[in-house]
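Engineer: Just the structure for this:
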Amino acid sequence: MNNRTSFALLAVLTAVGTLTVSSAYAQSACPDCELDDPRIIAKQLLLEDIPISLWTDKATYDHKDTIIVEGRVANVVSGVPVTLTVMSSLNSVITIDQVDVDDMGNFRTTFSTEGNLWKYDGTYFIKANYGSAEKSNKVLVELVNGMVSKPTPGQPSKVCGTSELSVMGNCVPYSISGGVVTGASVNTNDNSLIVNISANEDGTLTLNPSKNVLDGAFMVLVDGEEWDDVEINGNEISVMFLAGAEEIEIIGTFVVPEFGAIAALILAVAIISIIAVSAKSRLSIMPRY
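Structural biologist: Down below sits the predicted model:
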């Protein structure tokens, strides 16, 4: 056998070996996939790498549909469910569900689009959280053939990120472990920011509001009780809470006013201006002697 024949035989054997190893690897990673479809194999390998994946059966629904939500977590933690939160385009919480994960990391649930909370057309965000803010993902769906939503005057619609709270048109960065944030509001009477949570275990909520949202934080209440397990570093507030906690209230020296307070102030200024103009007009038409 000459050198040319030997090199050709070696090349053939190398190619066969490479194909065999590749096929064996693909089969072990995805035993139910078609070996001749690289797109399916790539998708399966991607699911095994992303911390949590999420998808729906379709992208558009009407207001009498059922949304089928499925997903997969890469690393299963025994006893930890996936928390699913549905948000409207105005950042209102529509519903929250907790779904168990099977041994393979798969989960599945459904949401009905019937009901008053689903009546508006637009984009809805389905957010999935698996134990920590780092293990989260979201999917968007569109609802049609319903009512067109109208933002409240003075509170412009602003879509915040997955790790931000919407507070009076402002986005507040946050992180949470042991639970999920379900909403936020302000109490102008007490200069406080109220965060509603659903806590399935002990955890920590960390907020970093700008000073135009909350300033001078000095006290924290958890479910109405004064709380000491708190760290305040400038405008970064970390609150350690217990399983079952529902409301965390942070009291400061200033909180962004609600639209009602702003409207009342504008109305008062307008009334004073009208009175001043009216008085000036009466003086200008009085006869002079």
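Engineer: Whichever strand or helix holds residue 165 pairs with which strands, parallel or anti?
Structural biologist: In this assignment (DSSP states H and E), residue 165 forms part of strand 164-167. Paired with strand 164-167 in the same sheet, following DSSP bridges, are strand 170-187 (antiparallel).
Engineer: CA atoms only: put the partner strand into PDB for me.
Structural biologist: Extracted in PDB, the C-alpha atoms of strand 170-187 (Å, rounded to 0.1, in the frame of the first residue of the first chain):
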ATOM      1  CA  ASN A 170     -40.600  55.600  37.800                       C
ATOM      2  CA  CYS A 171     -38.700  52.400  37.600                       C
ATOM      3  CA  VAL A 172     -37.100  51.200  40.900                       C
ATOM      4  CA  PRO A 173     -34.400  48.500  40.600                       C
ATOM      5  CA  TYR A 174     -34.900  45.500  43.000                       C
ATOM      6  CA  SER A 175     -33.900  42.000  43.700                       C
ATOM      7  CA  ILE A 176     -35.600  39.300  45.800                       C
ATOM      8  CA  SER A 177     -35.000  35.800  47.000                       C
ATOM      9  CA  GLY A 178     -37.500  33.500  48.700                       C
ATOM     10  CA  GLY A 179     -40.500  35.100  47.000                       C
ATOM     11  CA  VAL A 180     -41.800  37.300  44.200                       C
ATOM     12  CA  VAL A 181     -42.900  41.000  44.100                       C
ATOM     13  CA  THR A 182     -46.600  41.300  43.200                       C
ATOM     14  CA  GLY A 183     -47.000  45.100  43.300                       C
ATOM     15  CA  ALA A 184     -45.900  48.500  44.700                       C
ATOM     16  CA  SER A 185     -47.600  51.700  45.800                       C
ATOM     17  CA  VAL A 186     -46.900  54.900  47.800                       C
ATOM     18  CA  ASN A 187     -48.500  56.300  51.000                       C
END
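Engineer: how close does residue 183 get to residue 146?
Structural biologist: According to C-beta to C-beta, to the nearest Å, residue 183 stands 22 Å off from residue 146. To be clear about C-beta, it is placed using only N, CA and C from the backbone, and glycine gets the same treatment.
Engineer: By mean pLDDT, which helix or strand of the chain comes out lowest?
Structural biologist: When each helix and strand of the chain is scored by mean pLDDT, DSSP states H and E, helix 3-29 comes last, with a mean of 43.
Engineer: On the pLDDT front, check residue 102 for me.
Structural biologist: At residue 102, the model reports a pLDDT of 93.
Engineer: Same question for residue 281.
Structural biologist: pLDDT at residue 281 comes out at 53.
Engineer: my guess is residue 74 contacts residue 52, does it?
Structural biologist: Yes: contact criterion C-beta atoms under 8 Å: residue 74 and residue 52 qualify, at 7.2 Å.
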